[in-house]
Every structure is written in C-alpha cells, then in structure tokens.
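Peer 1: sequence-free structure coming up:
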C-alpha cells in the first residue's frame, strides 16, 4: 500500500481514484493539469470538470466497465480547466473490485496532450489553407519531384496544358517541354540543386495535349528538408501566350498600339524622340494606379512612382531603350498614391531611322500583382506547413499518392522509432521493421 501511495502521489502523470459515486481523489500532477487544488477537487464530482457534451459517452463507457464488458478504458478525454479552457488528455482507467467482485473505485492515469492536439489542429488548418491556395490560384501551381515527375497539380495548370490531372501525373515536365527549351530549363534545375541559385524564372513553351504550344512564365523554388537535402520543387506557371502574341506584334509592327491593347488588355505607351513626349493609353493609368487628370507621364515623372529599390533598374532600362538598344522585359514595382505596391511586367521596343537615330519607343506594361501575391502566399503556406511538420509531436509520414512509397518523415517519428531518415525514404510502410 505504501508503494502504491508513493507511485500515486509522485507520478509525473495525473492520477485519480474515482469513487463509484463520482467523487475524486487525485495527485498533484492531475491538479496541475486542471488547475484546481487537491482540496477543491475532493469536493467535486468528475462531471463538474467534464464538458456536458462528453458526459453521456463517459457514462456509457463507465457502465461498460462496471458490467464487465471491458476491463480497461483508454480514450482521449476533455476536462474543463479552472480558468474555463479545455484540456485534452489521454486517459486510461481500470475498475478495482472487492473479493466478491463488487465495484470499489476507478484507478485512472491522465496524460495532458493539449499541446499535441493544438499542434495537430494547426497542422490541419495550415494544410487546409495550403490546399485552398493551391486549388484556387489564378495561375498554375505544381509540386514536382527532383526527377521532374508531376506530384501534385492544380486545375489551372491542367487547363493551361490541356491534360486531365490523372494524365499529367503520369508524365514529367520534360515530357511536355518544347525541345528548344528543355536544355535551358534543365541547366537552371542543375544550378538550383547545386545551390548555385535559390530560385529561377524563365519563359518557356509547353506542348499541349492537342499538340499546340503554349508560352508560360515559369518560377521554380526548391524545398529542402530539415537537414538541407533537396526534397521537391514548387513551380508557379502563368500562361503568357497573349502577352507573347503582343510582343511579337510589336516587334514585327504588324499591329497598332490599340490592337495590342484589345488583344491582351495591357497598358501601352509611346515615347516620341522628336517631341520628347510620352503618351500613355488609358490602361496605363490603371496599371500604375494614377489619375489621368493629375498625372502627366514623362521620363521625369515616372521614376518617382517606381519603388525605391527598383528605380535603378528602371533608369538603366530607360537609358538603354533611349540609346536604341533592344532590351529584355523587366519586372519592377510601383507605388500608387494610396501607398499600394504593385508588380509590373514592362517591355519596350525602340525604332531607329536609317541613320540609326531614335525615332520612337513603343512599349507595354502588365499588372502582375495577383500572380506575385499568389507566389508569396504559396511560399508562406509551404513554409508554415513545413515548420509544423518538423515540430509536430506526432509521428508523420508523407507518402507518394501513386506508389505508396515513403517520401518524407518528420523528426519526431525518426526519434520515436530510432531509424534514420534514409532508412524510411523510398520504402513502403511495411518494409519498416
């Protein structure tokens, strides 16, 4: 009895002796869990610290013990803390009987798992937000294996390339990349894997299921695991076919500026060297968030509304174009009078006379803020999901949806089972001994 008393009183886990009448005798660890003193709990019935919705189920389980249908009860149970909050516990109960088999009292062990439950809830919430962002993004979003296999694709990407989801998951990105673009893409992949660059962006062509080509703007980031090893790629894919058509139209001078706006809804502008005058289309004012009534476009008025970190880039671009040089399109930020930051994709094409003097520059600007925000939101969601995955107090495995093979395992499960990460990865669950 003395040994039992010591185990009961000094156990790091909550312990209680509950009478058949529902009265409680508890140890200090249980008092700490629910926030009451031992004296306060002695005067309480277990129902008083149990959420009302849980009581009918508890009574059913208790009756099962009394009737001898079960010998022990092991459940997750909620208690009401003294401060009114809910405490989640892992509870194991056994019924003690006298020599004649009559019920005496219940011996219960209570382990506080509130933090674990909250972590699991956060993990589920983060995964839900990630999935919502993934599925509802206005651009194509995909998770790609290190070998190039599509692991997860959203509906927008399927629309862009013309494949059903199940068809795309059987392919690699190499399978549908235009032959002329594959070498440059793979070289950038190599640089990311070698940690020479963190991310990359490129314009490339995919071959749609119907055989046609679609131009996309591809942004790729590499996700690494807790030890820094490459795990998978996250790619943002934007259909820029219309923009490409406009760029081609500008280069070939086959379309007028108004036709360019009609096709792609891009803001357009023109700089006349002879008049030293900048003309903006109506759409340009919307893109930059300024009013045509108060803003007069010019080389001098443009730079102040460019984000301070991007002014030097814009100045270089403007200088090169004014010298008649062909320039690659640039991405930059502008700040509206209301203080909003917008991301803009800008391009320009100079026209020279026979002597090589600048006649004019025609260009276009596209508001790509939505795409940029989608990229940032996805990155934040992925980081939050990864952080919760790494710190969760439950063992978590990530399996390949098609093969069932283990692709990742969190540190808690590694520590719990004593295997290394390498002993888990690329194995089936039943291979883990």
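Peer 2: Received, thanks. What you see is a predicted model; the values in this text were computed from it and never measured.
Peer 1: residue boundaries of the strands in the stretch 251-400 of the chain?
Peer 2: For the stretch 251-400 of the chain, the strands defined by DSSP state E, counting those that start in this stretch occupy 267-272, 277-280, 330-335, 341-352, 358-367, 397-399.
Peer 1: Equivalent analysis for the stretch 1-150 of the chain, please.
Peer 2: 14-19, 24-26, 72-80, 86-97, 103-112, 140-144, 150-153.
Peer 1: Out of these, which gets nearest to residue 201?
Peer 2: strand 140-144 (13.8 Å; Cβ to Cβ). All C-beta spots, glycine's among them, are computed from the backbone N, C-alpha and C.
Peer 1: Touching that closest one from outside, list them.
Peer 2: 133-134, 150-154, 156-157, 159-161, 173, 216, 232-239, 374, 378 (Cβ atoms under 8 Å, 6 or more residues apart in numbering).
Peer 1: Parallel or antiparallel, list what pairs with that strand.
Peer 2: Sheet pairing for strand 140-144, assigned by DSSP bridges, gives strand 150-153 (antiparallel), strand 230-239 (antiparallel).
Peer 1: Could you save these as CSV and add columns showing distance to residue 271 and mean neighbour count?
Peer 2: Output for the strands paired with strand 140-144, formatted as CSV (distance: least, Cβ to Cβ, whole Å; neighbours: other Cβ atoms under 10 Å):
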stretch, distance to residue 271, mean neighbour count
strand 150-153, 42, 20
strand 230-239, 28, 20
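Peer 1: Using CSV, please lay out these together with distance to residue 107 and mean pLDDT.
Peer 2: CSV is the format used below for those (distance: least, Cβ to Cβ, whole Å; pLDDT from 0 to 100):
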stretch, distance to residue 107, mean pLDDT
strand 150-153, 48, 90
strand 230-239, 47, 92
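Peer 1: From residue 404, how far off is residue 294?
Peer 2: 62 Å (Cβ to Cβ, to the nearest Å).
Peer 1: The strands of the stretch 251-400 of the chain: lowest mean pLDDT?
Peer 2: Least confident of the strands of the stretch 251-400 of the chain, judged by mean pLDDT, is strand 397-399 with a mean of 80.
Peer 1: Can you name the next helix or strand after that one?
Peer 2: Next along the chain after strand 397-399, taking DSSP states H and E as the criterion, comes strand 406-409.
Peer 1: ok, then the element right after that next one?
Peer 2: Proceeding N to C from strand 406-409, the next assigned helix or strand is helix 411-417, under DSSP H and E.
Peer 1: contacts for stretch 320-332?
Peer 2: With Cβ under 8 Å, 6+ apart as the test, stretch 320-332 has contacts from 247, 271, 273, 306-307, 310, 313-314, 317, 343-350, 352, 356-358, 361, 363, 368.
Peer 1: That stretch: how far from the chain's middle?
Peer 2: Relative to the centre of its chain, stretch 320-332 is centred 35 Å away, using Cα atoms, centre = their mean, to the nearest Å.
Peer 1: Kindly report the same for stretch 306-324.
Peer 2: Its chain's average C-alpha position is 34 Å from that of stretch 306-324, according to Cα atoms, centre = their mean.
Peer 1: before we move on, back to that, and residue 62, which of the strands paired with strand 140-144 is closest to it?
Peer 2: strand 150-153 (45.9 Å).
Peer 1: Can you pull out the residues in contact with that closest one?
Peer 2: Strand 150-153 has contacts (Cβ under 8 Å, 6+ apart) with 134, 140-145, 165, 168-169, 171-173, 232, 400-401.
Peer 1: mind redoing it with 6 Å?
Peer 2: With Cβ atoms under 6 Å, 6 or more residues apart in numbering as the test, strand 150-153 has contacts from 142-143, 145, 165, 168-169.
Peer 1: ok now do residue 356, which residues does it touch?
Peer 2: So residue 356 contacts nothing (Cβ under 6 Å, 6+ apart).
Peer 1: Report the beta-bridge partners for the closest residue to residue 104 other than its chain neighbours.
Peer 2: Using Cβ to Cβ, 6 or more residues apart in numbering and skipping the chain neighbours, the partner closest in space to residue 104 is residue 96 (4.7 Å). According to DSSP bridges, the residues that bridge with residue 96 are residue 105.
Peer 1: where does residue 96 sit relative to residue 109, distance-wise?
Peer 2: Separation of residue 96 from residue 109 (Cβ to Cβ) stands at 13 Å.
Peer 1: Between the two, tell me which one has more neighbours.
Peer 2: Neighbour totals were compared for residue 96 and residue 109, and residue 109 leads with 18 against 10 (other Cβ atoms under 10 Å).
Peer 1: Can you verify my assumption that the more buried one contacts residue 13?
Peer 2: Yes. Look at residue 109 against residue 13 with Cβ atoms under 6 Å: they come within range, at 5.4 Å.
Peer 1: What separation is there between residue 306 and residue 376?
Peer 2: Distance, residue 306 to residue 376, using Cβ to Cβ: 20 Å.
Peer 1: out of those two, which sits in the more crowded spot?
Peer 2: residue 306 (19 against 10).
Peer 1: surely the more buried one meets residue 312?
Peer 2: No. Residue 306 is beyond contact range of residue 312, at 9.4 Å (criterion: Cβ under 6 Å).
Peer 1: Name the nearest residue to residue 44, ignoring sequence neighbours.
Peer 2: Residue 44's closest residue in space is residue 24 (Cβ to Cβ, 6+ apart), at 6.2 Å.
Peer 1: Show the pLDDT at that neighbour.
Peer 2: Per the predicted model, pLDDT is 91 at residue 24.
Peer 1: hang on, isn't it packed against residue 43?
Peer 2: No. Assessed by Cβ under 6 Å, residue 24 is found out of contact with residue 43, at 8.7 Å.
Peer 1: Comparing the two, which shows the higher neighbour count?
Peer 2: Ranked by neighbour count (other Cβ under 10 Å), residue 24 and residue 43 place residue 24 first, with 22 against 10.
Peer 1: Who are the contact partners of residue 396?
Peer 2: Contacts for residue 396 (Cβ under 6 Å, 6+ apart) come out as residue 410.
Peer 1: Just the local confidence number for it, please.
Peer 2: As predicted, residue 396 sits at a pLDDT of 80.
Peer 1: Residue most distant from the centroid, this structure?
Peer 2: Distance from the centre of the chain peaks at residue 100, with 61.0 Å (Cα atoms, centre = their mean).
Peer 1: For the nearest residue to residue 286 once chain neighbours are set aside, give its distance to residue 290.
Peer 2: In space, and not counting its chain neighbours, residue 286 is closest to residue 267: 6.9 Å by Cβ to Cβ, 6+ apart. Going from residue 267 to residue 290 by Cβ to Cβ gives 11 Å.
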